[in-house]
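Chemist: everything below, folded, please.
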Amino acid sequence: MLLAGSWMDLGLPHRGARASPSGRQPVDPTWPARGTSRALQTRMRGFVGAVGLVVACGGSHTPESPVQVIPEDPTFRERTAMLHATLARNGIQLDDEPTIMTCESADAERKCTRCDVATGMDGIDPELVDRVALAIASYPDVLLRAARIERFALCRELRYVGEDDGPVGLAELSKRRIMISVGYFNRGDGRGVEQVVHHEFFHLFDFATLGGAMADREWAALKPRGFEYRDPATGSPPKGFVNAYATTNEIEDRASVYEYMMSAPELCTLAARDPVVAAKVKRLGQRLEAVAGKAFVKKHARCAGGPKPAKKQPVKKPNLALPKRYHDSL
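Modeler: Numbers count the residues shown, from 1 in each chain. Reported below is the predicted structural model:
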């Protein structure tokens, strides 16, 4: 609803400001401009007064309550600064621009997504920032460099443009950016944000090490016979998959297994029961070991080396000695 005296809504200069060439943005506190005729000034003031009269005739108007200004959380600012330092050590920039849009991204198959960058005035739990920082700090520098991440964004909200929902995390491959919706996890106890960091990290690692096609022939050969990936994923995961989302496509399958490697202790138990999952863990372990070393892989997934060979039982030698009583009888 147009409020009485709303100069900007009319496209007119704000009182006490000079209009820019577009007629909307005040740029000079000397309005009306020198040279403006008194007649024009009078007509403009009369026009605004008439608008106020029309609004008043539409019924009584209850003044809006003043907008509550939420003070910035200093702890959030401190934790964000620490995350910034952690990322900067590996040449990764923490985004601070208010809004990030992926509409012009080269990732043509993805929906256009909007990230409203989180600030200390959004009520985000600072512990979530700590959890993100710890997830990043768990990677050796050589692995972060291999993933070639350039940007990282903490989003108050991630939404598909024109829709009411959105992802909890996003890897923007063409910009080499990770976006995490910390606002989503702010609604609960914060559990799960690390898993999303690991998942999106692996997408960029996959892209950097496999190339644009992100094709892994050895992984493709592990697909269970008769199974076809499906998008959207539905139902319970079939044999050979760590969760339902992994059945979306080969790329999400690998990222889901890696997410479990980094944050789900039950992965090796699952691998012990499912030979396809075990083979997938082993394949990822090989790729990670080639970059980050065996110690990193062993720390996060003991079963990445494949099932241990059965321990050989020593061959029992026959006792060729004669019993004592036999000797006694001689």
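Chemist: please make it C-alpha for all contacts and neighbour counts, starting now.
Modeler: OK.
Chemist: what pairs with the helix or strand harbouring Phe152, parallel or antiparallel?
Modeler: Phe152 belongs to strand 151-160 when assigned by DSSP states H and E. Its sheet considered, strand 151-160 pairs with strand 93-94 (parallel), strand 113-117 (antiparallel), strand 177-181 (parallel) by DSSP bridges.
Chemist: show the pLDDT at Arg43.
Modeler: pLDDT recorded at Arg43 is 42.
Chemist: what does the one 10 residues further on give?
Modeler: Among the per-residue scores, Leu53 shows a pLDDT of 33.
Chemist: with the one 3 residues further on instead?
Modeler: Predicted confidence (pLDDT) for Ala56: 36.
Chemist: buried set for the strand holding Phe152?
Modeler: Arg151, Phe152, Ala153, Leu154, Cys155, Arg156, Glu157, Leu158, Arg159, Tyr160 (16 or more other CA atoms under 10 Å).
Chemist: tell me the first helix or strand C-terminal of it.
Modeler: Criterion used, DSSP H and E; the element after strand 151-160 is strand 169-172.
Chemist: can you list the low-confidence ranges for the stretch 151-300 of the chain?
Modeler: In the predicted model, the stretch 151-300 of the chain carries pLDDT under 70 at residues 189-190.
Chemist: helices along that one, start to end?
Modeler: 182-185, 193-210, 217-220, 250-263, 267-273, 275-292, 294-300 (DSSP state H, counting those that start in this stretch).
Chemist: could you list the low-pLDDT ranges of the stretch 1-150 of the chain?
Modeler: For the stretch 1-150 of the chain, the ranges with pLDDT under 70 are 1-70, 106-109.
Chemist: residue boundaries of the helices in it?
Modeler: Using DSSP H, counting those that start in this stretch, the helices of the stretch 1-150 of the chain run over 38-57, 74-88, 126-137, 141-147.
Chemist: contacts for stretch 105-118?
Modeler: For stretch 105-118, contacts defined as CA atoms under 8 Å, 6 or more residues apart in numbering pick out 95-103, 124, 153-161, 166, 172-175, 179, 182-183.
Chemist: go again using 6 Å as the cut-off
Modeler: 98-103, 154-161, 174 (CA atoms under 6 Å, 6 or more residues apart in numbering).
Chemist: follow-up on the earlier one: quick one: which of the helices of the stretch 151-300 of the chain is nearest Ala137?
Modeler: helix 193-210 (11.2 Å; CA to CA).
Chemist: tell me the bridge partners for the closest residue to Leu94 other than its chain neighbours.
Modeler: With sequence-adjacent residues excluded and distances taken as CA to CA, 6 or more residues apart in numbering, Leu94 is closest to Phe152, at 4.9 Å. Beta bridges link Phe152 to Leu94, Ile178, judged by DSSP bridges.
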